[in-house]
Each structure stands twice: as C-alpha cells, then as structure tokens.
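Engineer: Pasting a predicted model and its sequence here:
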Amino acid sequence: MKYLKLLVTRILILSCLIRSQDKLIDTDLEYPVYKPVSTDRIISRRNYVDQLQGFWLGQCIANWTGLITEMDKIEHPFYTDANWGGPDQPNIWGNYVPSSNNIIDYYFIDKGGVWSADDDTDIEYMYQYLLDHHNVSILSPDQIREGWLNHIYSNENAPNSENFLWVSNESAYYLMKEGLVPPFTSEPENNSHYTMIDAQLTTEIFGLLSPARPDIALQMAHLPIRTTAKYDAEWISEFYVTMHSLASAVDDSLLIEKKLVWLAREARKRLPDSAYSAKMYDFIEASYKANPDKNDWEKTRDEVYQRYQKNSTDGYSYQQPFDAGINFAASLISLFYGAGNLPRTIQIGTLAGWDSDNPTATWGGLLGFFLGKEGIKRAFNKSNFSDAYWIHRTRRNFPDHTPGMEGEDTFQLMARRGIYIIDRVVLEEMKGGVNLNKDVWYIPIIKN
C-alpha cells in the first residue's frame with residue numbers, strides 16, 4: 001500500500017511537471033495580476049490552440065482545392081454542381097493548376113507530406129511572424145515595408161522568376177522597393193490595382209488575433225489592409241476581419257449556420273450603406289433568402305454575373321476577375337448556401353468562378369477555426385492530415401522550426417505562437433488579463 005501511494009505521488013508530480021513545461025508562456029512578456037470583472041468574456045487559451053490549428057488546416061485544404069479551378073470560369077458557361085468530381089478545365093490563360101489527377105475534388109495532403117504555402121496563407125504567416133518578432137500588437141509602416149522586402153522575393157531574384165505576387169500585392173511590393181510605405185502603397189495615384197482582392201487574402205488573421213474585439217482587430221489590420229486596398233476593397237477586407245474576430249463572441253448555443261448569418265450581419269455594419277459592397281451584400285442575402293431551393297446556389301451566382309459583371313449595377317464596375325467586388329459576391333454565395341458545412345462551402349466556392357481559391361480559403365479558415373483540427377477530421381471523415389507547412393515555397397528568410405523535417409513549420413507550432421501574440425493584444429491593447437493557471441483570457445467587452 002505504501003509503495004502504491006509513493007507510485008501515485010510520483011505520477012502526480014511527473015504529471016504536474018509535464019503540464020508546467022507545456023504551459024503556454026511568452027518569456028518576452030510580463031503577465032501582471034488581473035482582477036476580472038463580471039462583464040469580461042472568458043476564453044480558453046488551450047481550446048484556442050486547436051481552433052487556430054483548424055484555421056490553418058482549413059485554409060490550406062480550401063485554398064488548394066480552390067486553386068484547381070482558379071480563373072477557369074469568369075463568365076458563362078460557368079461550372080455547376082455537375083462538374084464536381086469531373087475534369088478540371090483550362091483557366092483563362094490556357095493552363096491547368098497541377099493536382100494529383102486534374103479532377104475537381106478536395107485537395108488533401110496526408111501525414112508524411114507537407115502543405116505548400118500560397119498567397120492565401122503566406123502573407124498572413126509573415127504578419128504573424130512580424131508581430132512575434134517585433135513584440136508588438138500593431139505593426140508600423142516601416143515594419144511592414146521591411147518585412148515585405150526581407151521575406152518576399154522580387155521577380156528579379158526569385159527562383160524561376162516567380163515571386164508569387166499579383167495585381168495590388170505586386171504593385172505595393174515594387175512601391176516599397178522605391179521607398180513608399182503603407183498606406184501610400186494603396187493610394188490610387190500610386191497603385192492602380194487598389195480595387196483588387198489582395199487585402200482580403202492577407203489580413204483575415206488579424207480578426208483571430210483579437211478575439212471578440214473587432215475594434216482592436218481593425219486597428220491591427222488597418223495598415224496591412226491599406227498596404228494594398230482602399231475604399232470598397234478596404235471595407236470588404238474589414239468585413240472579413242470583423243467576422244473572424246466576432247467568431248469568439250457569437251452565441252455558442254446557435255447552430256453553425258445561424259452563427260455565420262449573425263457574423264455576416266454584424267460585419268455588414270462595417271460597410272458604408274452607400275458603397276457597392278454593402279448593396280452587393282444586401283442583394284445576395286436577399287437572393288438566397290428568396291430562393292426556395294437552398295441547393296441551387298447557381299441561381300444566385302448567375303444573377304450576380306448578370307447584375308454586376310454585365311450590367312454594372314449598384315455603382316460597381318467590373319474590371320478584372322481579381323476584383324475585390326466580384327469575388328466578395330462569390331464568397332457570399334458560398335457562405336450562405338454552404339450553411340456552415342465545411343465540405344459543401346468549399347465545394348460551392350470552388351465551382352462558383354472567378355478567383356476561386358480566395359473565397360474558399362477565407363471560409364475554409366473561418367469554418368476551420370470553428371471546428372478546430374479535430375472537427376475538420378470529422379467533417380471529412382479523414383484522420384491523417386499533414387500538419388507540416390512549407391513557407392519557403394513562396395517566401396524567404398524565416399526560421400526553420402522543424403529542422404530535419406520537410407517544411408519549416410507545423411500548424412501546432414504556428415498556433416502556439418499565435419497564442420503569445422493574443423496574450424500581448426489582450427494585455428496591452430484590450431487592457432484585459434491572462435490567467436496562466438486557468439489558461440484563459442479575460443477580455444473586456446465594450447458596448448457599441
């Protein structure tokens with residue numbers, strides 16, 4: 001009996017030591033004692049690690065699935081549900097995006113493989129790194145410029161002369177090489193591509209780095225958004241940041257479909273009523289609600305094409321298939337008709353048309369955050385997803401967090417570093433608290 005008690009004691013001590021070593025503590029940050037108030041929102045840091053892993057995994061699945069059809073269809077005849085599982089067709093340049101079999105289907109990387117970076121994830125990865133590297137919550141114009149020039153290739157020095165930047169991102173990069181900093185890199189007189197989609201796919205993460213406080217998230221995201229976008233493209237990006245931040249504030253008793261509708265309507269308040277983006281949102285939500293067949297997303301997509309691309313309604317003038325506007329419309333179609341079902345949302349986004357990897361990546365990340373890594377496994381009935389991430393496919397000069405392994409990072413490590421950034425945001429920007437023993441954040445909630 002004495003031996004048994006001694007053994008149990010040793011096991012408990014060892015367990016405590018393991019938990020202590022596993023604590024999420026940023027050694028560069030002081031954690032002052034905080035006295036919570038009754039109105040504080042309490043969020044589990046430990047659960048948030050799984051949710052952030054879900055964000056990165058969901059983004060990668062959706063991004064690489066959407067890439068199969070990127071720029072395939074920008075006018076009639078569009079893809080429909082009947083094309084799912086069928087052959088990929090060439091994009092507007094006559095090319096195919098490499099996939100395992102050139103079939104329109106979900107794209108997965110299994111354990112032992114590595115997820116490749118793409119511009120839907122790599123700039124967000126860079127911004128998270130810069131926040132962590134500089135120990136700040138809000139990046140300065142110079143920190144953004146130096147980060148871009150250090151971590152992004154030019155076409156002149158990139159492997160294979162491909163720096164994986166397009167339209168407004170490309171313009172902003174070369175403006176930075178000339179010495180400009182945000183927000184001047186998105187001013188129309190400097191950057192003619194300020195209306196393009198770029199800021200959407202590079203800034204959603206700021207919403208997750210400021211849980212339940214979109215006011216702080218928008219401050220954090222302001223200059224990264226204004227690196228490449230202004231006016232409607234800027235407001236659309238803020239719409240997505242707001243949704244991602246409020247994902248931690250939505251009523252948890254609601255079904256996922258209802259959560260997303262609430263988030264979208266709250267984010268709609270960020271769009272000026274006179275803006276085409278606001279009118280576009282209102283039209284698409286109304287079209288969805290009026291459609292008796294909630295599987296017939298193609299009906300709303302065809303209405304969007306006719307109303308906005310052909311007829312330039314609501315003050316929107318279609319320019320290119322990379323427009324923030326037409327892709328905002330496409331994203332809302334997959335949001336509403338996907339109804340919170342991750343595989344279905346990715347499927348619709350992939351088939352909807354235009355720059356199809358971007359809306360899919362946005363919702364793949366948000367739904368992945370709601371589901372967490374384990375929930376994504378259940379959604380696809382698949383348990384062996386790779387956790388490895390290869391940032392140096394597209395970017396450069398990042399630490400190798402996984403020496404000896406393919407790729408330089410893992411979603412788990414990326415998520416843990418995200419927790420440390422949120423710790424700083426909660427303490428310094430929100431004036432809230434972090435309880436390391438309970439492993440929670442206390443987030444002061446402001447009333448609108």
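Structural biologist: The structure has been received and is ready for your questions. Numbers count the residues shown, from 1 in each chain.
Engineer: for H193, what are its contacts?
Structural biologist: 167-168, 170-171, 228 (Cβ atoms under 8 Å, 6 or more residues apart in numbering). From N, CA and C alone the C-beta is placed, and that goes for glycine too.
Engineer: and with 7 Å instead?
Structural biologist: When contacts are counted by Cβ atoms under 7 Å, 6 or more residues apart in numbering, H193 touches 167-168, 171.
Engineer: Among those residues, which one sits closest to Q53?
Structural biologist: Lowest distance from Q53 to the contacts of H193 (Cβ to Cβ) belongs to S168, with 29.6 Å.
Engineer: just the strands in the protein please.
Structural biologist: 41-44, 115-116, 388-390, 409-410, 433-435, 440-443 (DSSP state E).
Engineer: how about these in CSV, adding mean neighbour count and mean pLDDT?
Structural biologist: Below are the strands of the chain laid out as CSV (neighbours: other Cβ atoms under 10 Å; pLDDT from 0 to 100):
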stretch, mean neighbour count, mean pLDDT
strand 41-44, 15, 99
strand 115-116, 23, 98
strand 388-390, 21, 99
strand 409-410, 23, 99
strand 433-435, 20, 99
strand 440-443, 23, 99
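Engineer: which one of these lies closest to G147?
Structural biologist: Judging the strands of the chain by Cβ to Cβ, what sits closest to G147 is strand 409-410, at 16.7 Å.
Engineer: next one: the closest one to chain centre, how far?
Structural biologist: Put simply, strand 409-410 sits 17 Å off its chain's centre (Cα atoms, centre = their mean, to the nearest Å).
Engineer: Kindly report the same for stretch 191-203.
Structural biologist: 14 Å.
Engineer: try stretch 208-225
Structural biologist: On Cα atoms, centre = their mean, the centre of stretch 208-225 falls 13 Å from the chain's centre.
Engineer: most centrally placed residue in this protein?
Structural biologist: Nearest to the mean C-alpha position of the chain, by Cα atoms, centre = their mean, lies E204 at 4.4 Å.
Engineer: Please name the residues that touch it.
Structural biologist: 240-241, 244, 362, 365.
Engineer: now the contacts of H193 in CSV, with pLDDT, distance to W441 and neighbour count?
Structural biologist: CSV is the format used below for the contacts of H193 (pLDDT from 0 to 100; distance: Cβ to Cβ, whole Å; neighbours: other Cβ atoms under 10 Å):
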residue, pLDDT, distance to W441, neighbour count
V167, 98, 37, 20
S168, 99, 34, 27
S171, 99, 38, 21
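Engineer: Please narrow the residues you listed to those residing in helices.
Structural biologist: 167-168, 171 (DSSP state H).
Engineer: any idea how far the nearest residue to P141 once chain neighbours are set aside lies from P32?
Structural biologist: Distances taken as Cβ to Cβ, 6 or more residues apart in numbering place V181 nearest to P141, at 3.7 Å, with adjacent residues excluded. Separation of V181 from P32 (Cβ to Cβ, to the nearest Å): 33 Å.
Engineer: Relative to L413, how far out is the nearest residue to I25 once chain neighbours are set aside?
Structural biologist: Leaving out its chain neighbours, the residue that sits closest to I25 by Cβ to Cβ, 6+ apart is L436, at 6.3 Å. As for L436, its distance to L413 is 19 Å (criterion: Cβ to Cβ).
Engineer: higher neighbour count, these two?
Structural biologist: L413 (15 against 12; other Cβ atoms under 10 Å).
Engineer: Spit out the contact partners of the more buried one.
Structural biologist: Each residue near L413 by Cβ under 7 Å, 6+ apart is listed here: H401.
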